[in-house]
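**Student:** Please find the sequence and the predicted model below.
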Amino acid sequence: MNNSDILVIGAGVAGMEASLLLANTGKKVYLVEKESLIGGNIIKYEDVFPNMECSTCMIAPKQQEVLQNENIELLMLSTVEKVQGEIGDFTVTVKKKARYVSLVDCIGCGMCYEPCPVSLKNEFEQNLSEKKAIYVPCPGSLPNVPAIDPEYCLQLNGKKTCNACVEACAFGAINLSDKDEKIELKVGAIIVASGFDIVDPIGFPQYGYGKHPNVYTAMEVERLYASNGPTEGKITLRKGDGTPNSIAIIQCVGREQQGYCSSVCCMYSFKLAHYLKDKLPNVKIYDFHSDLCIPGKYYQKFFQDIKDEGINFIYSPVDKIKVEGNEKSLSIEYYNGKDEKEKLSTDMVILSLAMIQGKDTASLSKFLGIEQDKRGFFMNQSIQLGSVDTSKPGIFLTGCAEGPKDIQSSITQAEAAVGKVMSYFQ
Ligand SMILES: Cc1cc2nc3c(=O)[nH]c(=O)nc-3n(C[C@H](O)[C@H](O)[C@H](O)COP(=O)(O)OP(=O)(O)OC[C@H]3O[C@@H](n4cnc5c(N)ncnc54)[C@H](O)[C@@H]3O)c2cc1C
Ligand code: SF4
Ligand code: SF4
């Protein structure tokens, strides 16, 4: 049997690109995404380096295309549970969780959020804000249709009788009797685009994350700067006097432990420095780095522009940096290029953390029967054989599921994976 329908796992920029390219050749694509929205990590950023393009302007048309393309069957709140067979003839079992809100009837008016009595930390917003048990992760989510978290919904977890959201919805879009489903798919090839996660900053106590409130991760600052984020783009400190007057960015946190360079942290650190100067023109910014990774034909120009904005670059081995302090101010102890100890006071510290394998990599690698590399990402075959091939014919990798990379390289790899698929199933 030679089935040429394709399964794509993960609807980030890489998975969406691969799905659209395949769908536009007439192939049927099943796009499985575990969250209630599509777009992956890049929808968290206001702008993207190197050209500081508006991220939403770049990605929203692709999201809309994915939602509207008749050849793409999008399964959200869904994960792969079992894969059997071989190239041309895979049988895949997908668990699709109930959304409890109709994608057809909901118009995204938001009237159901306010009456919900449950408040939860919003993980999409890096826990910087709260959401209700019926929620969209952020304004502008696509699809703009909420989902209900059954673990916290009082009616669904049986803690209390509640019908408040159902009563608030004038469109009859909420159905609390919705059920999880198991779906069996028959496909000929699989593209894995399940992306990356960020190393846990709690594992690096010397930088004070979790102890000192004004130590942030880079992803938190992405959301603070974003106009659809928890502060609508206002840079405010967790504790203390409103906006910071000085900020230190510490690069390469986690690089030694992970044993690789995440290849985009220098660039996103520069982006954050640029963001912060844009919002707070008088702020002093210090960039602590052990190395600078600024490859390719576009990135040096970006680096030069950032230097011209007056950012102070300080060479210092990252493993010797210590952050101390209190709710009001932070002190950074570091060793300069001559190995001399120095100190610097600052209001805010931002950690540029290593990108690591996505949370589901181990379970997916088991279901798919493909290997992980020593670093935890999915293992591709040697570059001579094809950088998007896995150890199993018919299963291909793309984007950060294969290793840390920027958006441009994620898209290039999506195109390569599609090329491989097309070479099997014309
Ligand atoms: C702080 C920060 C800032 C950055 N800024 C930039 C920038 O300005 N410019 C740039 O070029 N790059 C930037 N990058 C890198 C950029 O984020 C990545 O290149 C890009 O997001 C990779 O896309 P992806 O589709 O491979 O992965 P992701 O964006 O991680 O998407 C993966 C998708 O797969 C889904 N998924 C995961 N597991 C499963 C599963 N088991 N089943 C189904 N679905 C699953 C996820 O929910 C997600 O939707 C930045 C990175 C960081 C950390
Ligand atoms: S039914 Fe659940 S989601 Fe709806 S308002 Fe009540 S607690 Fe919130
Ligand atoms: S479920 Fe109903 S109330 Fe909630 S956003 Fe959709 S249409 Fe509006």
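**Tutor:** Happy to help now that I have it. Numbering: from 1, shown residues only. Ligands and ions are numbered 1, 2, ... in the order given.

**Student:** how about E167, what does it touch?
**Tutor:** Listed by C-beta atoms under 8 Å, 6 or more residues apart in numbering, the contact partners of E167 are P115. C-betas here are computed from N, CA, C, even on glycine.

**Student:** where does it land in three-state SS?
**Tutor:** Classification of E167 using DSSP: H, G, I helix; E, B strand; the rest coil returns helix.

**Student:** likewise Y260?
**Tutor:** For Y260, the assignment made with three-state DSSP gives coil.

**Student:** Can you list phi and psi of it for me?
**Tutor:** Main-chain dihedrals, Y260, degrees, to the nearest 10: phi -150, psi 160.

**Student:** How about stretch 54-65, which residues are buried there?
**Tutor:** Neighbour-count burial for stretch 54-65 flags 55-56, 58-59, 62-63 (criterion: 16 or more other C-beta atoms under 10 Å).

**Student:** Of the residues you listed, which belong to helices?
**Tutor:** Using DSSP state H to define helices, the subset of these located there is 55-56, 58-59, 62-63.

**Student:** Turn these into a markdown table, including pLDDT.
**Tutor:** A markdown table is the format used below for these (pLDDT from 0 to 100):
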| residue | pLDDT |
| --- | --- |
| S55 | 96 |
| T56 | 95 |
| M58 | 95 |
| I59 | 97 |
| K62 | 97 |
| Q63 | 98 |
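
**Student:** quick one: contacts for the residue in the stretch 1-150 of the chain that ligand 1 sits nearest to?
**Tutor:** The nearest approach of the stretch 1-150 of the chain to ligand 1 comes at G12, 2.1 Å away (C-beta to the nearest ligand atom). If a contact means C-beta under 8 Å, 6+ apart, then G12 has 39-42, 193, 195, 399-400, 410 as its contacts.

**Student:** which one of the residues you listed has the most neighbours?
**Tutor:** In terms of neighbour count, G399 stands highest of these at 34 neighbours, by other C-beta atoms under 10 Å.

**Student:** Who's the closest spatial neighbour of that one, skipping the chain neighbours?
**Tutor:** A14 (2.7 Å; C-beta to C-beta, 6 or more residues apart in numbering).

**Student:** quick one, strands of the stretch 251-400 of the chain?
**Tutor:** In the stretch 251-400 of the chain, the strands defined using DSSP state E, counting those that start in this stretch lie at 284-289, 312-315, 322-325, 330-335, 341-346, 348-353, 355-357, 395-397.

**Student:** Save those as TSV, and put in distance to F49 and mean neighbour count too.
**Tutor:** Formatted as TSV, the strands of the stretch 251-400 of the chain follow (distance: least, C-beta to C-beta, whole Å; neighbours: other C-beta atoms under 10 Å):
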stretch	distance to F49	mean neighbour count
strand 284-289	14	22
strand 312-315	17	16
strand 322-325	26	18
strand 330-335	25	19
strand 341-346	23	14
strand 348-353	13	28
strand 355-357	15	24
strand 395-397	24	28
